[in-house]
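S.K.: predicted model, plus sequence, below.
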Amino acid sequence: MKQRSYLALEDITVEFPTKAGNFCALDTINLSIDKGQFVALIGHSGCGKSTLLNAVAGLVKPTRGVIFLDGDVVDAPGPDRAVVFQDHSLLPWLTVEENVRLAVDKTAAGKSKAERKEWVLHNLDLVQMAHAAGKRPGELSGGMKQRVGIARAIAMNPRVLLMDEPFGALDALTRAALQDVVMDLQARLNNTVLMITHDVDEAVLLADRVVMMTNGPAARIGEDRLIDLPRPRSRLEVIEAAEYAAARHAVIHFLHERYRNPSLAA
Amino acid sequence: MVLPHHIPASETSASDGGSAARSAVVVPYPEEAIARRRFPPIPKPTHPLAMKVQALGAAVLPTFVMIAALLLVWQMLTGAPDATFPSPVKVWQESHEVIVHPFKGVEISGAGLKIEESGDVGIAGHVLTSLGRVLIGYSLAAVIGVALGILIGQSVFAFRALDPLFQVLRTVPPLAWLPISLAIFQQAQPSAIFLIFITAIWPVILNTAAGVQTIPAAYRNVAKVLALNPAEYFLKIMLPATVPHMFTGLRIGVGMSWLAIVAAEMVQGGTGVGFFIWDSYNSSLLTDTIVALVWIGLVGFTLDRMVALVGRIVGRTA
């Protein structure tokens, strides 16, 4: 038996039934991710990035192929694969603390009530949101909501953290602040992360590896590039690095030369 | 730093294109232009209580003006001595006893409420009796309606099986249920309650179902990722997410149940505001009917507001 990576996607094909026959979203994707690696998944809209992430989350069942996480087959959603959703998906009737608490109660069943409360507040503190524990999501800005979304995900102590375009709905400055939060968390926790993004700079700044997807339908992995920049990274230092420029160059060429945005191609 | 009005004359004259000495004539800035540039005086701060009273007055004043105008028009149209429909003044005169002694035969004490059994009670007594009946019928409709709504909301099979049935049955008017409920229950008391129940339940079912069906996919995905079990999903996601729709249904339902009261009390005579109307109609006391209508309207309005208030409180804390 060959050695499998920590997170291994083997021959993943996803088809959706439509009126005009089956629509093939992903075609035989193979991807191996090591423990502690931060992988950014980039591609144009409609290329099946979200489908791939949802397959790892267990929210979408692959038509063919198997996903292994630390040796276990992924076949249903579970809290070991926490998701940070693009629209944050906080429950508006719960406070910030209760939202995180809901996740903690499901994942830290053995712990006492006090321990769980402390764990919730600790995770809120990691994203600098402990001050808003008693507020409801409706009272928070978009960036703050997403901080809570991240806190909820990491509080679950996931084996892999999935982020579905987590900063897509935020303005550029808020986005930068949240990227710093994610880098800080990554330095402390060294999670295995799979993140979808549209943003080249975000991918290169945050990830150890950028996986570029071809345009759908029947999307595949077009290119897979390691980002060889030392950690911890600083936004201001990396922009001077030759590797940063080279990686950026590679991704931009992939997205805008080899695989142009299909909606502009006509 | 050099402020604009300190710019030396040499510099400004240079920008004039090197013309000769500048005109010494000073044109005064027009008075009214200066006045226009001043801020309007800040209004004197009003006492917060006074502001509240003012706002309340502004909110209810149009209603009172409208009521007064309607009464006036009504009086003008029916004021003639040979008019067939009673005028407001005539209502006041003929139903004086009903209007000014609504609590006849009703005893409110520390032990609770006691309504005279003999039937010779004021209109408030009748209204209270009716409210008791509506409370039972409506509570049943609320509980069973919410349960059925959740059932057809989350099961496609149950929806396909039951929704057409509910859509047909909900159009049946309360009076049409009267002979059926009598045939089912044989007795007046349960028949009357069934009438209220069957009238009020449809909007509760259908709105609750719509609420469950429209739970955003995002919340369902959260539940899946957290691997919530069905009981947790029901309590933590489905119920709170459905509360606004549910209370829309409950609010329409309470109005409908109050609408059914006249039909219900045609079955169960003797007491109740529905019976009072039926009775006054049979004794040709049209002015009493008018008074009863006003009572029914006001009580219905209050019920609606009460359910809306409960909905707001539950929605905030759920």
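M.R.: Alright, I've got the coordinates.
S.K.: residue ranges for the helices of the stretch 51-200 of chain A, please.
M.R.: If DSSP state H, counting those that start in this stretch is used as the criterion, the helices of the stretch 51-200 of chain A fall at A:96-107, A:113-126, A:142-155, A:172-189, A:200-206.
S.K.: so which of those gets nearest residue B:161?
M.R.: Between residue B:161 and the helices of the stretch 51-200 of chain A, the shortest gap by C-beta to C-beta is with helix A:96-107, which sits at 33.4 Å. (Glycine included, C-beta is placed from N, CA and C.)
S.K.: give me the pLDDT for residue B:223.
M.R.: Residue B:223 is assigned 93 on the pLDDT scale.
S.K.: cool, and residue B:51?
M.R.: At residue B:51 the predicted local confidence, pLDDT, stands at 86.
S.K.: helix, strand or coil for it?
M.R.: When states are read from DSSP: H, G, I helix; E, B strand; the rest coil, the local structure at residue B:51 comes out as helix.
S.K.: neighbours of it, how many?
M.R.: The number of residues packed near residue B:51 is 11, by other C-beta atoms under 10 Å in any protein chain shown.
S.K.: how close does it sit to chain A?
M.R.: If you measure residue B:51 against chain A using C-beta to the nearest C-beta, to the nearest Å, the figure is 26 Å.
S.K.: out of the helices of the stretch 51-200 of chain A, the one nearest residue B:155 is which?
M.R.: Put simply, out of these the one that sits nearest residue B:155 is helix A:96-107, at 24.9 Å, with distance taken as C-beta to C-beta.
S.K.: list the contacts for residue B:280?
M.R.: Contact analysis of residue B:280 by C-beta atoms under 8 Å, 6 or more residues apart in numbering or on different chains lists B:286, B:288, B:289, B:292.
S.K.: let's go with 10 Å and repeat that
M.R.: In this structure, residue B:280 makes contact with B:95, B:98, B:286, B:287, B:288, B:289, B:290, B:291, B:292, judged by C-beta atoms under 10 Å, 6 or more residues apart in numbering or on different chains.
S.K.: likewise for residue B:71?
M.R.: Residue B:71 makes contact with B:87, B:88, B:89 under the criterion C-beta under 10 Å, 6+ apart.
S.K.: hmm, try it at 7 Å
M.R.: Residue B:71 makes contacts with residue B:88, as judged by C-beta atoms under 7 Å, 6 or more residues apart in numbering or on different chains.
S.K.: near chain B, which residues of chain A? Just list them.
M.R.: Taking C-beta under 7 Å from any C-beta of the partner chain as the criterion, chain A approaches chain B at residues A:57, A:59, A:77-79, A:82-83, A:85, A:87, A:89, A:91, A:93, A:102-103, A:106.
S.K.: quick check, nearest of the residues you listed to residue B:79?
M.R.: Using C-beta to C-beta, those come closest to residue B:79 at residue A:93, 56.3 Å.
S.K.: quick check: residues of chain B near chain A?
M.R.: Within chain B, the positions adjacent to chain A are B:218, B:219, B:221, B:222, B:224, B:225, B:226, B:227, B:228, B:236, B:240, B:318 by C-beta under 7 Å from any C-beta.
S.K.: what subset of those is buried?
M.R.: B:219, B:221, B:222, B:224, B:225, B:226, B:227, B:228, B:236, B:240 (16 or more other C-beta atoms under 10 Å in any protein chain shown).
S.K.: secondary structure element for the fourth one?
M.R.: Taking DSSP states H and E as the definition, one finds residue B:224 inside helix B:217-225.
S.K.: who's in contact with that helix?
M.R.: Residues outside helix B:217-225 that contact it (C-beta under 7 Å, 6+ apart) are A:57, A:59, A:77, A:79, A:82-83, A:85, A:87, A:89, A:91, B:233, B:237, B:241.
S.K.: redo those residues as JSON lines? Include distance to residue B:55.
M.R.: Listed next are the contacts of helix B:217-225 as JSON lines, based on distance: C-beta to C-beta, whole Å:
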{"residue": "A:57", "distance to residue B:55": "51"}
{"residue": "A:59", "distance to residue B:55": "50"}
{"residue": "A:77", "distance to residue B:55": "51"}
{"residue": "A:79", "distance to residue B:55": "50"}
{"residue": "A:82", "distance to residue B:55": "48"}
{"residue": "A:83", "distance to residue B:55": "47"}
{"residue": "A:85", "distance to residue B:55": "42"}
{"residue": "A:87", "distance to residue B:55": "37"}
{"residue": "A:89", "distance to residue B:55": "39"}
{"residue": "A:91", "distance to residue B:55": "35"}
{"residue": "B:233", "distance to residue B:55": "43"}
{"residue": "B:237", "distance to residue B:55": "39"}
{"residue": "B:241", "distance to residue B:55": "34"}
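S.K.: below-threshold pLDDT in the stretch 1-150 of chain A: ranges please.
M.R.: Residues of the stretch 1-150 of chain A meeting the criterion pLDDT under 70: A:1-2.
S.K.: please, where are all the strands along it?
M.R.: A:7-18, A:21-33, A:38-42, A:64-69, A:72-73, A:81-84 (DSSP state E, counting those that start in this stretch).
S.K.: most tightly surrounded among those?
M.R.: Burial among the strands of the stretch 1-150 of chain A, expressed as mean neighbours by mean count of other C-beta atoms under 10 Å in any protein chain shown, is greatest for strand A:81-84, which shows a mean of 26.
S.K.: report the strands that pair with it, each with its relative direction.
M.R.: Next to strand A:81-84 in the sheet, as set by DSSP bridges, lie strand A:160-164 (parallel).
S.K.: got the angle for the strand it pairs with vs strand A:64-69?
M.R.: Using axes from the mean of the first three to the mean of the last three C-alpha atoms, to 10 degrees, the interaxial angle of strand A:160-164 with respect to strand A:64-69 works out to 120 degrees.
S.K.: return the distance of strand A:160-164 from the chain's centre.
M.R.: How far strand A:160-164 lies from its chain's middle: 3 Å, per C-alpha atoms, centre = their mean, to the nearest Å.
S.K.: quick one on the thing from earlier: and the very next helix or strand once past the helix holding residue B:224, what's buried?
M.R.: Tracing the chain C-terminally past helix B:217-225 and defining elements by DSSP H and E, one meets helix B:230-232 next. Of the residues in helix B:230-232, those scored as buried under the neighbour-count criterion (16+ other C-beta under 10 Å) are residue B:232.
S.K.: in helices, which of the contacts of residue B:280 appear?
M.R.: Among the contacts of residue B:280, the ones falling in helices (DSSP state H) are B:98, B:286, B:287, B:288, B:289, B:290, B:291, B:292.
S.K.: show me which of these is closest to chain A.
M.R.: residue B:292 (41.8 Å; C-beta to the nearest C-beta).
S.K.: let me know the pLDDT of that closest one.
M.R.: The model reports residue B:292 with a pLDDT of 90.
S.K.: ok, now the one 4 residues further on?
M.R.: Reported pLDDT at residue B:296 in the predicted model: 91.
S.K.: next: residue B:98.
M.R.: Per-residue pLDDT puts residue B:98 at 81.
S.K.: tell me where chain B has strands.
M.R.: For chain B, the strands defined by DSSP state E cover B:106-109, B:112-115.
S.K.: start to end distance for stretch B:167-182?
M.R.: For stretch B:167-182, the first and last residues are 23 Å from each other (C-alpha to C-alpha, to the nearest Å).
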